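1. next one to model:
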Amino acid sequence: MFKRIGVLGHPHRPMTGEVCAEVSRHLRQQGIETWCHPVWDSALVKPELMGTDLIIAIGGDGSMLRAARMASHRDVPVFGINAGHLGFLTEAGLDEWDRALRILLSGAYWIETRMMIHCEVWRGENPVFADDALNDVVIGRGALARSILIETYIDGGWTTTYNADGVIIATPTGSTAYALAVGGPILPPELKNILVIPVAPHLSLDRPLVLSEGAVVEAVISPELGVEPVLTIDGENITSLQPGDAVVVQNSPLISRFVRLRERNYFYRSLLDRMEPRSPTRQERSPYHARAGKRGVPRT
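-> Predicted coordinates for the structure are as follows:
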C-alpha cells in the first residue's frame, strides 16, 4: 500500500501543472500523503524521496528518464502519465489517469526492474566525472561537422577504433531510443546486456555489438584529430571531452523500477503500436497459447 506519493510535472509543458494538482488532490482524497512539484530539479526533489513509496511522473519519456534516474538512488518506483509524444516508458494517458490510479491503488500492479549503466570519465589518472544512465551514454562530435576517432576496448582488450560521428553505449531500455534510430537492434527490457553502436561510421566497424552481461566498455578519445567531442547522459549534455579522455561504462549497481498495470508481455505490442500505428490489431493471444491454455502442451 502506498502511504506517501510524490507527483512531478514537466517544466516545459504548462498543462502538466494542472494535472499535477488534480492528481495530488485525488490522492489526498484517498487518504494518501502527497507532495507535488510541477516544476522541479533533482536538488529540489531529492530531500522529498525519504519515506516516499511512489513517484508519479507526468510528461514524456524524457520526464520518465529524469525521474527514474533520481528515484533509483532510493529504490522508489515510478509511474508515468504520458503528456509527451511517444511515451514508451509511461503507463497511462492524460485522458485516463484517474481510472489508472484507481487500478493502481487497488493493488493490481507489478514492478518492472530495468538495468542502468554507470559512466566515468578519466583524464589521465584522475576521474573527472561520474553519473548513471537508464537509456544511454553518447560520445558525439559536438558542433564540428567532422568525424572523431574513438579507440574502443571491451573488458580491457582493444576491440576497434571507430571513425564516426559518435558512439552510443546503451542499455536494453535505450535500445528503443537513439540506438534504434541509427539501426541498432531492439533488446527486451529484462536483459542486462550493454549495446555499442557507432553513429555514421566511415571505413570502420558499422555493426552494433551486443555485449555479454557484466562487460566493461572503455572508449578513449584519440588525440590524432584534435577534436573535442561532447558526452551526453540520457540525452542531456553533460561535459566536453578532451583528446586522451577515457569514458568507462559498465552495469550500474542502481536499477530503475517502473509500476506496470499491463500484462507482463506488454513490451512488444506497446513498441509496435508506436512504430506501426496503422497495423490492424490481431487477436490478443496466439493460436498456440490459446490451445495450450485449454488442453495443455501437446505431447509427442
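
2. from now on I want contacts and neighbour counts done on CA atoms only, so please keep to that.
-> Fine.

3. which helix in this structure runs the most residues?
-> Criterion DSSP state H: the longest helix present in the chain is helix 15-29.

4. which strands and helices sit next to that one?
-> strand 4-8, strand 33-37, strand 54-59 (3 or more C-alpha pairs under 8 Å, 6 or more residues apart in numbering; DSSP states H and E).

5. quick check: which of these is buried the most?
-> Ranked by mean neighbour count, those are led by strand 54-59 with a mean of 26 (mean count of other C-alpha atoms under 10 Å).

6. helices or strands up against that one?
-> Using 3+ C-alpha pairs under 8 Å, 6+ apart, strand 54-59 sits against strand 4-8, helix 15-29, helix 61-71, strand 78-82.

7. rerun at 7 Å
-> Secondary-structure packing of strand 54-59 (3 or more C-alpha pairs under 7 Å, 6 or more residues apart in numbering; DSSP states H and E): strand 4-8, helix 61-71, strand 78-82.

8. just to revisit the earlier point, tilt between the longest helix of the chain and strand 54-59?
-> On the basis of axes from the mean of the first three to the mean of the last three C-alpha atoms, to 10 degrees, helix 15-29 is oriented at 150 degrees to strand 54-59.

9. hey, C-alpha coordinates of helix 15-29 in PDB?
-> The C-alpha trace of helix 15-29 is given here as PDB (Å, rounded to 0.1, in the frame of the first residue of the first chain):
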ATOM      1  CA  MET A  15      -0.600  21.900 -18.800                       C
ATOM      2  CA  THR A  16       1.100  19.300 -16.700                       C
ATOM      3  CA  GLY A  17       0.900  21.700 -13.700                       C
ATOM      4  CA  GLU A  18      -2.900  21.400 -13.700                       C
ATOM      5  CA  VAL A  19      -2.700  17.600 -14.000                       C
ATOM      6  CA  CYS A  20      -0.200  17.600 -11.100                       C
ATOM      7  CA  ALA A  21      -2.700  19.500  -8.900                       C
ATOM      8  CA  GLU A  22      -5.600  17.200  -9.900                       C
ATOM      9  CA  VAL A  23      -3.600  14.000  -9.300                       C
ATOM     10  CA  SER A  24      -2.400  15.300  -5.900                       C
ATOM     11  CA  ARG A  25      -5.900  16.300  -4.900                       C
ATOM     12  CA  HIS A  26      -7.200  12.800  -5.900                       C
ATOM     13  CA  LEU A  27      -4.600  11.100  -3.900                       C
ATOM     14  CA  ARG A  28      -5.200  13.200  -0.800                       C
ATOM     15  CA  GLN A  29      -8.900  12.300  -1.000                       C
END
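
10. how far off centre is that helix?
-> Its chain's C-alpha centre and that of helix 15-29 lie 25 Å apart, by C-alpha atoms, centre = their mean, to the nearest Å.

11. for that helix, buried residues please.
-> 16, 17, 19, 20, 21, 23, 24, 26, 27 (16 or more other C-alpha atoms under 10 Å).

12. next one, pLDDT for the second one please.
-> pLDDT for residue 17: 80.

13. grab the nearest non-local neighbour of it.
-> Nearest residue to residue 17, sequence neighbours excluded (C-alpha to C-alpha, 6 or more residues apart in numbering): residue 38, at 4.9 Å.

14. quick one, what contacts that neighbour?
-> 8, 9, 10, 11, 16, 17, 20 (C-alpha atoms under 7 Å, 6 or more residues apart in numbering).

15. and residue 260, by the same measure?
-> 91, 109, 110, 111, 112.

16. how close does it get to residue 100?
-> Distance of residue 260 to residue 100, given as C-alpha to C-alpha, to the nearest Å: 10 Å.

17. what is the rounded mean pLDDT of stretch 215-226?
-> pLDDT averaged over stretch 215-226 gives 89.

18. so what touches that stretch?
-> By C-alpha under 7 Å, 6+ apart, stretch 215-226 touches 149-155, 243-250.
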